[in-house]
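Peer 1: Let me see the structure of the following:
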Amino acid sequence: MENIFSPFRSAWRIADLRKKLITTALLLLVYRIGVFIPVPGLRASVLAQFANSTGAGIFGYLNIIGGGAFERASIFAMSISPYINASIIIQLLTIAIPALEKLQKEGEEGRRKLAEWTRYGTVILGFLQATFMYIGFGTAIAKRSVLSYLTITLALTAGTAFIMWLGEQINEYGIGNGISLIIFVNIISSGPTAFIMLYSIIASYSLDGKLALGILIVLGIVAVFIAMVVMVIYVTEAERRIPVQYAKRVVGRKMYGGQSTHIPIKVNVAGVMPIIFAMSILSFIPTIITLVAPNTENKFLISLMRFSSNPLYMLVMALLVLFFTFFYTMIAFNPIEVANNIRKNGGFIPGIRPGKPTSDYITKVLNRVTWFGALFLALVTIFPSLLELVTGIGNIWFGGTSLLIMVGVALETAKQIEAQLMMRHYKGFLE
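Peer 2: Predicted coordinates for the structure are as follows:
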């Protein structure tokens, strides 16, 4: 934990980095102020019921990553989910369409073009999502009319576009990934709710004359939280290093190469994306039912709406996380391309022939490492449900996606600050 916060203290002593930190904090503050700006014509009390009801599906997810914006009927109620979806779609299209893949490899100009298309996709998806939400909100709409439709959908779409703009401003003038930091701050903002939950546990046990037991349970929850943070940091930073040897070669009168290096393969290459994909799929059906038939009495539909409280939900969620972890890892890491790059640069893995044997070996190592990362992600994802099943305590604040995002963003931001500090250190040394 000391290693995470020490770069921030060092950066604060440098005027340029201090300015970037202050800019980042101010932009995040602007976002948090926007969370409390309501959309005209929306009833916050009804949206709060959507977000907190059983089988809330995507609404509960939006409320978490939006820092409570959904239950407040804020202009940021859709949070940044349209941008995430647009980014995923563009990323998948770059793999499926050779022209886009070529554009991605063209350097800064290609990435700028893809980023522009992502912005357009965000606005389009945001407007479509806002339209579907308007149709299914029911009594949350104060008065239905063409004017209210345009007001609500355009306000929600503009809110998402503004969040995207804030994230880009943080990327350009601040420190860290803007979108990730916004989600990070939103999750952290739910922290006071956790303290209230812990206090309510102690209070309930003290009324029954079991104060010591209540304190013991709270200490156990805190200990589990600390243990999970340590585990997430360990797995996030863990990597398998494949040694690579580069042969010596003579160019003119000089000899080059001969050095040893390694290929780092992260245990968790996919990050939090498999959990987001799995949550989106499992929340799709309950969300549609909640929008179309919120007061249904059909037993089958009710069982689908309350599927998240079914023990079978944990098994299905775990299997989907496993599947998407391998799927996303195959997209993010190409063993054949890595093997070809090693051969082109005159390198080889000791004991492995160049070419196909090298790619097969890298694939074998990658699969083994991915199994560990996938099982860990599945365990972290279903942990809140397991804890609720054992203790009966629901709405665990530090579960699954939230914890992975918090730790991942904190580590990534600390690394970016360290890189900035290192760059300025070398610059000062050269001067």
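Peer 1: ok, V229 to R9 distance?
Peer 2: Using CB to CB, to the nearest Å, V229 is found at 20 Å from R9. C-beta here means a position set from N, CA and C on the backbone, and glycine is covered the same way.
Peer 1: between these two, who's got more neighbours?
Peer 2: Taking other CB atoms under 10 Å, V229 and R9 do not tie; V229 has more neighbours (16 against 9).
Peer 1: Skipping adjacent residues, who's closest to the more buried one in space?
Peer 2: V407 (6.2 Å; CB to CB, 6 or more residues apart in numbering).
Peer 1: what mean pLDDT does the helix or strand encompassing the one you found have?
Peer 2: Assigned by DSSP states H and E, V407 falls within helix 400-430. Helix 400-430 carries an average pLDDT of 71.
Peer 1: Now the nearest residue to A238 once chain neighbours are set aside. Its backbone dihedrals?
Peer 2: Of all residues not flanking A238 in the chain, V267 sits nearest, at 4.2 Å (CB to CB, 6+ apart). The phi and psi torsions at V267 (degrees, to the nearest 10) take the values phi -70, psi -40.
Peer 1: now A69
Peer 2: Dihedral angles for A69 - degrees, to the nearest 10 - are phi -70, psi -30.
Peer 1: same thing with the one 10 residues further on?
Peer 2: With angles defined as degrees, to the nearest 10, S79 shows backbone torsions of phi 50, psi -140.
Peer 1: The closest residue to it other than its chain neighbours - how many residues pack around it?
Peer 2: Nearest non-adjacent residue to S79, counting by CB to CB, 6+ apart: G66, 3.6 Å away. G66 has 28 neighbours, counted by other CB under 10 Å.
Peer 1: Quick one: residues contacting G66.
Peer 2: For G66, the contact set (CB atoms under 8 Å, 6 or more residues apart in numbering) comprises V35, S74, F76, A77, M78, S79, I80, N186.
Peer 1: mind redoing it with 6 Å?
Peer 2: By CB atoms under 6 Å, 6 or more residues apart in numbering, the contact set of G66 is F76, S79, N186.
Peer 1: Would you state the predicted confidence (pLDDT) at it?
Peer 2: Value for G66, per-residue pLDDT: 80.
Peer 1: before we move on, what SS does the closest residue to F333 other than its chain neighbours have?
Peer 2: The shortest distance from F333 to any non-neighbouring residue, by CB to CB, 6+ apart, is to V269 (5.6 Å). At V269, secondary structure determined by DSSP: H, G, I helix; E, B strand; the rest coil is coil.
Peer 1: what's the spacing between V269 and L377?
Peer 2: V269 is 11 Å from L377, by CB to CB.
Peer 1: relative to helix 400-430, how tilted is the lengthiest helix in the chain?
Peer 2: Counting residues, the longest helix found in the chain (DSSP state H) is helix 356-391. Angle, helix 356-391 to helix 400-430, by axes from the mean of the first three to the mean of the last three CA atoms, to 10 degrees: 130 degrees.
Peer 1: Give me the domain ranges for this protein.
Peer 2: 1-190, 192-237, 238-396 (automatic domain parsing).
Peer 1: Which of the ones you listed sits closest to E418?
Peer 2: Closest to E418 of the domains of the chain is domain 1-190 (CB to CB; 4.9 Å).
Peer 1: For the closest one, what is the distance to the chain centroid?
Peer 2: Taking CA atoms, centre = their mean, to the nearest Å, one finds the center of domain 1-190 at 12 Å from the center of the full chain.
Peer 1: What of stretch 215-232?
Peer 2: So, by CA atoms, centre = their mean, the centroid of stretch 215-232 is 22 Å from its chain's centroid.
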